[in-house]
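[1] Sequence below, structure please.
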Amino acid sequence: MTTGLVLVKLIPGKEKQALAKIRQINGVRGVTGTFGPWDAIATVAGKNLETLAQVVVGKIRAVKGVENTETLIEVKI
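    Modelled structure (predicted):
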């Protein structure tokens with residue numbers, strides 16, 4: 001299983017609608033709103049990196065109201 005933290009920048013005024021849609025995406029384990037340069041952090045999981053990329057690029061970035069994302073892949077140290 002591959003897990004990532006997706007930092008999400010939202011378009012002002014579209015935050016609630018965008019976050020509601022992101023929460024419904026298969027592979028999204030949770031979403032937390034934040035203050036700062038990023039508006040939310042989504043925890044995403046997939047069976048491998050390719051599946052994770054499909055969720056981020058194909059689904060999260062396609063949500064109306066999402067302006068930008070940055071994905072941090074979790075690793076065991």
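[2] alpha carbons only for contacts and neighbour counts from here, please
    OK.
[3] doesn't Thr71 fall inside a helix?
    No - secondary structure assignment places Thr71 outside any helix; it is strand (DSSP: H, G, I helix; E, B strand; the rest coil).
[4] what about it, distance to Gly13?
    When distance is defined by C-alpha to C-alpha, to the nearest Å, Thr71 is 23 Å away from Gly13.
[5] Go ahead and confirm Lys47 touches Gly4.
    No - with contacts defined as C-alpha atoms under 8 Å, Lys47 does not count as touching Gly4, sitting 11.5 Å away.
[6] So which of Thr71 and Gly13 has more stuff around it?
    Thr71 (18 against 9; other C-alpha atoms under 10 Å).
[7] returning to that earlier point: between Lys47 and Gly4, tell me which one has more neighbours.
    The residue with more neighbours, out of Lys47 and Gly4, is Gly4; 22 against 11, by other C-alpha under 10 Å.
[8] residues in contact with the more buried one?
    Applying C-alpha atoms under 8 Å, 6 or more residues apart in numbering to Gly4 gives the contacts Thr43, Val44, Ala45, Leu52, Thr71, Leu72, Ile73, Glu74.
[9] change it to 6 Å
    Thr43, Val44, Leu72, Ile73, Glu74 (C-alpha atoms under 6 Å, 6 or more residues apart in numbering).
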